[in-house]
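Asks: For reference, the sequence and a predicted model appear below.
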Amino acid sequence: MQRAKIRIAIAGIGNCASALIQGIHYYTPERCRDGVVGLMHREIGGFLPCDIAVVAAFDVDARKVGTDVHRAIFAKPNCTKVFQADIPDSGVTVKMGQVLDGISDHMADYSEDRTFVRADAAELSKDEIVAELKRTGAEVLLNYMPVGSEQAARFYAECALDAGVAFINNMPVFIASD
């Protein structure tokens, strides 16, 4: 019998998303059963890391938008240590999100391999992102917007509310208290 999956969507396919997705594939049931290094808890509520499935992804970088999320996690400007390179394609294509304040002006001072390259694709509307969350059956939307992207964080929080999915804010900006 196949285990149930926790269906997540990710807004911002940067270094943190890369580490998370690598971890989902590294911490197999066998590794978790035999004991693992790097996790405080190998099981929570009966779920293992490998019980998480990415079902939707949003970004604004040309090297990620239109790409399978499992390949996009290794695209520049990501520079996370690769500890699980062998990850099969997921069938989930990174969709163009909303830029808002997600690309800071100072990023123009960096070389292309260290900055964001805005995709030419049309930004999805709030209604389109909500529809994608519903269509994919996402249960949780993880916010991995760059630090300082307060408008973008609030935008994705509102999308999650409208879609009826949980929202986990992974950046230092007040969301729930406001």
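Replies: All right, it came through fine. Please read these numbers as outputs of a predicted model, since none were measured by experiment.
Asks: Surely Ala56 touches Val92?
Replies: Yes - using Cβ atoms under 8 Å as the test, Ala56 is close enough to Val92 to be in contact (6.6 Å). To be clear about C-beta, it is placed using only N, CA and C from the backbone, and glycine gets the same treatment.
Asks: which residues do those two both contact?
Replies: Thr136 (Cβ atoms under 8 Å, 6 or more residues apart in numbering).
Asks: Show me which of the two is the more surrounded one.
Replies: Taking other Cβ atoms under 10 Å, Ala56 and Val92 do not tie; Ala56 has more neighbours (25 against 19).
Asks: Next secondary structure element downstream of the host helix or strand of that one?
Replies: According to DSSP states H and E, Ala56 maps onto strand 52-59. Using DSSP H and E, the helix or strand that follows strand 52-59 towards the C-terminus is helix 69-72.
Asks: now whatever helix or strand comes next after that next one, how far from the chain's geometric center?
Replies: The helix or strand immediately downstream of helix 69-72 is strand 95-96, counting by DSSP H and E. Distance, stretch centre to chain centre, for strand 95-96: 12 Å (Cα atoms, centre = their mean, to the nearest Å).
Asks: Look at Asp162 and say how many residues are nearby.
Replies: 15.
Asks: And it, which helix or strand is it part of?
Replies: helix 150-163.
Asks: Please report the distance of the nearest residue to Arg71 once chain neighbours are set aside from Ile21.
Replies: Nearest residue to Arg71 in three dimensions, chain neighbours excluded: Asp89, at 6.9 Å (Cβ to Cβ, 6 or more residues apart in numbering). Separation of Asp89 from Ile21 (Cβ to Cβ, to the nearest Å) stands at 12 Å.
Asks: Comparing these two, which residue is more hemmed in?
Replies: In this view Asp89 and Ile21 are compared by other Cβ under 10 Å, and Ile21 has more residues nearby, 24 against 11.
Asks: so what's the more buried one closest to, chain neighbours aside?
Replies: Take Ile21 and drop its neighbours on the chain: the residue closest to it by Cβ to Cβ, 6+ apart is Ile73, 5.2 Å away.
Asks: same deal with Glu150?
Replies: Once flanking residues are discounted, Glu150 sits nearest to Val173: 4.8 Å by Cβ to Cβ, 6+ apart.
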